[in-house]
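Trainee: Turn this into a structure:
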Amino acid sequence: MPDRFGPRGVIAVAIPQQNSNMQPEYEAMRPDGVTHQMYRFNIAEQHVVPEAVLATLPQVHGCWPDMVICSNSLEMRWWSPERQALYRQQIRDALESDVPAINATDATVAALKASGAKKVGSISPMTEDMSKSVTAYYGAHGIEIIEATWLEVATSKRIIDVPPEDIIAAFERVATEDVDTILHVGGALGVVDMIDELEERLGKTIISSNAATYWYALRMMGIDDPLDRGGRITRMALPDDLRTPVLPNA
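Mentor: Just a heads-up that it's a prediction; the model follows:
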């Protein structure tokens, strides 16, 4: 619930232990009057990340949150809209309360829809297999990924070590003439402070998982402040038809 440190709201943010960029990135986007309380889960074993998130959620009630963010991009593993619907319900069951909760995968779909994305270039930090999963997941939502690149980072804890010049080069690779939007999934990469400059230089809208997730959370809380970083999406309103999870091809 709002308190004297967060008179506009308290957000409980579940983030991976390994992603040291995510707490400062969320803080950098935070509007006045909102506070963040961080809860961490372990993503060392990628095949059990959803379970790790769910196991962490009962802790978040201790800060009396007005919103819960589940920050991981689960579409980087073989994931389907049907599995996402089940996961959404599992979040509700794990919370055992009516506190609002959003997750990065739903938020990213909403951001792509709100921005009018049609032809997308995607960037993911790890393997080709994970990249193919991203293409399949968003394709099920009617979003066509026509360019894709991945950075072949071996383990989650090494993603933070990717040099900025390699990140920028990845954005440049997928910024082809036919692409109107660039999608970045995988919150560990840490690009929030690069997005506005890259959008201007490349002439493309960029939807990045951390910025999209935070934008979606604030808008679902009724906080419509334009943010000073994170890209064009963070200055947009949330259309009413995107206030519930977006279904495939909806």
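Trainee: For the longest helix along the chain, buried residues please.
Mentor: In the chain, with assignment by DSSP state H, the single longest helix is helix 81-95. Across helix 81-95, burial judged by 16 or more other Cβ atoms under 10 Å covers 81, 83, 84, 87, 88, 91, 94, 95. C-betas here are computed from N, CA, C, even on glycine.
Trainee: wait, the third one sits on residue 107?
Mentor: No. Counting by Cβ atoms under 8 Å, no contact exists between residue 84 and residue 107, whose distance comes to 11.8 Å.
Trainee: What distance do you get for the residue positioned nearest the centre of the chain to residue 25?
Mentor: Centroid-nearest residue in the chain, with Cα atoms, centre = their mean: residue 209, separated by 2.8 Å. In this view, residue 209 and residue 25 are 10 Å apart by Cβ to Cβ, to the nearest Å.
Trainee: tell me, what's touching those two both at once?
Mentor: Common contacts of residue 209 and residue 25, defined by Cβ atoms under 8 Å, 6 or more residues apart in numbering, comprise residue 187.
Trainee: remind me which residues of the chain are low pLDDT?
Mentor: Within the chain, the segments meeting pLDDT under 70 span 246-250.
Trainee: For it, just list every one of the strands.
Mentor: Using DSSP state E, the strands of the chain run over 9-16, 34-41, 67-70, 101-103, 119-124, 144-150, 181-184, 205-208.
Trainee: so can I have a markdown table of the ones you listed showing mean neighbour count and distance to residue 220?
Mentor: Formatted as a markdown table, the strands of the chain follow (neighbours: other Cβ atoms under 10 Å; distance: least, Cβ to Cβ, whole Å):
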| stretch | mean neighbour count | distance to residue 220 |
| --- | --- | --- |
| strand 9-16 | 23 | 11 |
| strand 34-41 | 20 | 13 |
| strand 67-70 | 26 | 7 |
| strand 101-103 | 24 | 6 |
| strand 119-124 | 24 | 23 |
| strand 144-150 | 17 | 26 |
| strand 181-184 | 26 | 21 |
| strand 205-208 | 27 | 17 |
